[in-house]
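J.: sequence first, predicted coordinates after that:
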Amino acid sequence: MSNTLVIIPTFNEKENIEAIVRAVFSQEKGFDILVVDDNSPDGTAQIVTHLQGEFSQLFLEKRMEKKGLGSAYIHGFKWALKRSYEYLIEMDADFSHDPKDLVRLYRACAVAGADFSIGSRYVNNQVNVVNWDVKRLFLSYFASKYVRIITRIPIMDTTAGFVCYRRKVIESIDLDSIRFIGYAFQIEMKFKAWKHGFAHQEVSVIFTDRKKGQSKMNGAIISEAVFGVIKMRCSGLPKATKI
């Protein structure tokens, strides 16, 4: 059993899931993988089940309906906390997050001492995004800037979904109190970790838009992020002592 769990939420990812599983397991560090599948009608879960015959470090949680990205990660976090994992990594199934960067995120916590590390597209005034149209690029970049202005959080890529958390960070957050399930989920998790006093490190990565499958981004998810951040900032969190 690895000390690090990679959590991969899926919905209709049959074109990517086998390749991403094999890519994660090919890295120099050993990882365990938990796929949280929202009852994909395309057979994603069946592919994972087949791969479990080859990889003992591969686990599957199949939910009966589509409940959203944030809900899937929370499900994965709770599953991991029942076990002895020390590091939990969020990762997309579509290769927008390069599996080769997993070790870098892990080392930022395990070696460099960060409590949570972020695979950041916007470090040192650079924009590291491949195959995005201009509209989506500006939306993502200025969404992160908007979040920093509203919340004052000192993180450049607040909407990043490629994140490694130490176990104690997840344990300190009341997962049942998380409000958002879409794009804003990533913002809320970072905001709460920061408000609890945990140290972060942004690791520069190149984000590549998916080549296979369909994007899950939509107007409702964007709206949740825009208006939810204001509510989150107003409610805030009391300062807390790190565990």
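T.: Sure, I can see it. Numbers count the residues shown, from 1 in each chain.
J.: how many residues are close by residue 195?
T.: Residue 195 has 17 neighbours, counted by other C-beta atoms under 10 Å. For the C-beta atoms, the positions are set from N, CA and C on the backbone; glycine is no exception.
J.: quick check: it vs residue 204, distance?
T.: Distance of residue 195 to residue 204, given as C-beta to C-beta, to the nearest Å: 25 Å.
J.: next one: residue 12
T.: From residue 12 to residue 204 the distance is 30 Å (C-beta to C-beta).
J.: ok, residue 148 next?
T.: Residue 148 is 17 Å from residue 204, by C-beta to C-beta.
J.: can you tell me which residues contact residue 119?
T.: Neighbour list for residue 119: 97, 101, 105, 157, 160, 162-163, 203, 205, 207 [criterion: C-beta atoms under 8 Å, 6 or more residues apart in numbering].
J.: run through the bridge partners of it.
T.: Residue 119 forms beta bridges with residue 203, as assigned by DSSP bridges.
J.: would you map the helices across the chain?
T.: Ranges of helices in the chain, per DSSP state H, are 17-25, 44-52, 69-81, 102-110, 134-151, 167-172, 183-195, 219-235.
J.: can you list contacts of the third one?
T.: What it means is helix 69-81. Contacts to helix 69-81, defined as C-beta under 8 Å, 6+ apart, come from residues 5, 7, 9, 34, 36, 38, 59, 61, 63, 88, 90, 161, 167, 170-171, 175, 178, 180-182, 184-185, 188, 216.
J.: 7 Å instead?
T.: For helix 69-81, the external contacting residues (C-beta atoms under 7 Å, 6 or more residues apart in numbering) are 5, 7, 9, 34, 36, 38, 61, 63, 88, 90, 170-171, 175, 178, 180-182, 185.
J.: buried subset of those residues?
T.: 5, 7, 9, 34, 36, 38, 61, 63, 88, 90, 170, 175, 178, 180-182, 185 (16 or more other C-beta atoms under 10 Å).
J.: residue 94 contacts residue 17, doesn't it?
T.: No. Between residue 94 and residue 17 there is no contact under C-beta atoms under 7 Å: 9.5 Å.
J.: tell me which of those two has more neighbours.
T.: Between residue 94 and residue 17, counted using other C-beta under 10 Å, residue 17 has the larger neighbour count: 26 against 23.
J.: list the buried residues of stretch 194-207.
T.: 194-196, 198-205, 207.
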